[in-house]
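Q: give me a model of this one.
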Amino acid sequence: MQLLQKQKMSKFEFSEQAEIDLLETVTYISQHNALAAETWLNKIISTCYNISQSPLMGRERPELGRDIRSFPIGRFIIFYRPIETGMYVVRVLRGSMNLDQIFEK
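A: This next block holds a predicted model:
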């Protein structure tokens with residue numbers, strides 16, 4: 001996840017769990033289409049950069065945790081917390097997952 005490490009110096013940062021989410025998704029997609037996996041990851045990163053410029057633009061999700069916001073991107077949802085320098089990405093999940101159960105942990 002060298003690409004993600006470079007982005008940490010930007011205005012957004014990924015949690016360890018968000019990096020695992022991304023790695024699992026990229027691995028799955030690349031089994032079928034490596035170019036699609038790279039395109040998907042680049043779209044997630046560029047969306048995170050855009051959100052970090054105005055981190056309050058995502059939907060508030062108090063039912064999932066303190067200061068959690070979400071922003072949809074295709075079938076996925078980026079869950080994050082606004083921080084002083086931009087945003088901290090908590091998870092990147094498929095929207096069809098049981099979010100309440102995931103965030104209970």
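Q: what is the rounded mean pLDDT of stretch 74-90?
A: Averaging pLDDT along stretch 74-90 gives 94.
Q: got the end-to-end distance for it?
A: Stretch 74-90 has its terminal residues 18 Å apart, counting by Cα to Cα, to the nearest Å.
Q: buried set for it?
A: Buried residues in stretch 74-90, defined by neighbour count with 16 or more other Cβ atoms under 10 Å: 76-82, 86-90. Quick note: C-beta positions are derived from backbone N, CA and C, even for glycine.
Q: so who does the residue in the chain sticking out farthest from the centre touch?
A: Here the chain reaches farthest from its C-alpha mean at His32, the gap being 21.7 Å by Cα atoms, centre = their mean. Contacts for His32 (Cβ atoms under 8 Å, 6 or more residues apart in numbering) come out as none.
Q: gap between it and Ile68?
A: 31 Å (Cβ to Cβ, to the nearest Å).
Q: now Ile77
A: According to Cβ to Cβ, Ile77 and Ile68 sit 11 Å apart.
Q: what do you get for Val89?
A: For Val89, the distance to Ile68 - Cβ to Cβ - is 11 Å.
Q: which neighbours do the two have in common?
A: 79-80.
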